[in-house]
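# structure here, sequence nowhere to be found:
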């Protein structure tokens, strides 16, 4: 493998899909805080879609690599490289594709959140059906401070926790504790440490793998009822972000 090829993989991050005993594990990773460049977003959406279609999988576990941040949100390197509205729209559309893959997968998605999450990563948590977190897994919507806004991830976060909590999270772009996230419904449970988190993820996913697939599919449809128009909505929201990322205020914040 050439150095340039190795560097390309490093920049893109990686996504792995494995299925064992009815549990499909989708794992993503990036050396910069498990951030999300466009290629990783596309691979993540594809892996979730494949897991949803695989008859061997009864439940999907979403997790990231390491014991540090769960997800640092959008890749700053990629944000800096955007030069046109089309490039910006395409990049932010990647978050929409992952969100749609998560809520359209005909199986419950259980997210394992081991550490802090920023920006678009909060959308991944909200789009899962059951999120388990370790104490200290704080989160924030940092977009407003970057001259942007959580436009693409906003609908799924608002649906999960309500308009009041979402607007508070979006306007005050600072860290909120894991306990805050649990109180407002983003996390189903907050566990004391990583060992307890992993044990709980195993227990929940193993139990769900033994439930009726049809019952879980129909219940998930009920969870996400009213989202039929989201492909168009998220596309429009991506266009807004694609324009804002080129403004002088946004360029100063991202490049500074």
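Noted; the coordinates are in hand. If you're wondering where the values come from, they're calculated on a predicted model, not measured in any experiment.
# count the neighbours of residue 12 for me.
Per other CB atoms under 10 Å, the neighbour tally for residue 12 reads 16. Glycine gets a C-beta too; all of them are placed from N, C-alpha and C.
# go on, residue 225?
Counted by other CB under 10 Å, the residues lying close to residue 225 total 8.
# that one - that's part of a helix, no?
No - counting by DSSP: H, G, I helix; E, B strand; the rest coil, residue 225 is not found in a helix; it is coil.
# just the pLDDT for it.
Reading off the confidence values, residue 225 has pLDDT 97.
# same deal with residue 168?
96.
# and for residue 2?
What the model reports for residue 2 is a pLDDT of 30.
# please apply the same query to residue 7.
On the pLDDT scale, residue 7 is placed at 36.
# please apply the same query to residue 71.
pLDDT for residue 71: 98.
# beta-bridge partners for it, please?
residue 117 (DSSP bridges).
# ok, it - contacts?
Contacts for residue 71 (CB atoms under 8 Å, 6 or more residues apart in numbering) come out as 33-36, 64, 117-118, 120-121, 124.
# same for the helix or strand where residue 167 lies, what does it pack against?
Residue 167 is located in helix 163-171, with elements delineated by DSSP states H and E. Applying 3 or more CB pairs under 8 Å, 6 or more residues apart in numbering; DSSP states H and E, one finds that helix 163-171 contacts helix 154-161.
# residues in contact with the helix it packs on?
For helix 154-161, the external contacting residues (CB under 8 Å, 6+ apart) are 99, 103, 122-123, 126-127, 141, 150, 166, 169-170, 184-186, 224, 226-227, 230, 233-234, 237.
# could you point out which element follows the longest helix along the chain?
Taking DSSP state H as the criterion, the chain has its longest helix at helix 85-104. Sequence order places strand 109-113 as the next helix or strand after helix 85-104, per DSSP H and E.
# give the pairing partners of that next one; include direction for each.
Partners of strand 109-113 in its sheet, by DSSP bridges: strand 59-64 (parallel), strand 130-134 (parallel).
# how far away from the center of its chain is stretch 59-77?
Distance of stretch 59-77 from the chain centroid (CA atoms, centre = their mean, to the nearest Å) equals 8 Å.
# now the end-to-end length of stretch 74-87.
Terminal residues of stretch 74-87 are spaced 14 Å apart (CA to CA, to the nearest Å).
# average pLDDT across that stretch?
94.
# buried ones in it?
Applying a neighbour-count criterion of 16 or more other CB atoms under 10 Å, one finds 74-76, 78-79, 82, 87 buried in stretch 74-87.
# now do stretch 179-198: distance to the chain's middle.
Distance of stretch 179-198 from its chain centroid, counting by CA atoms, centre = their mean, is 16 Å.
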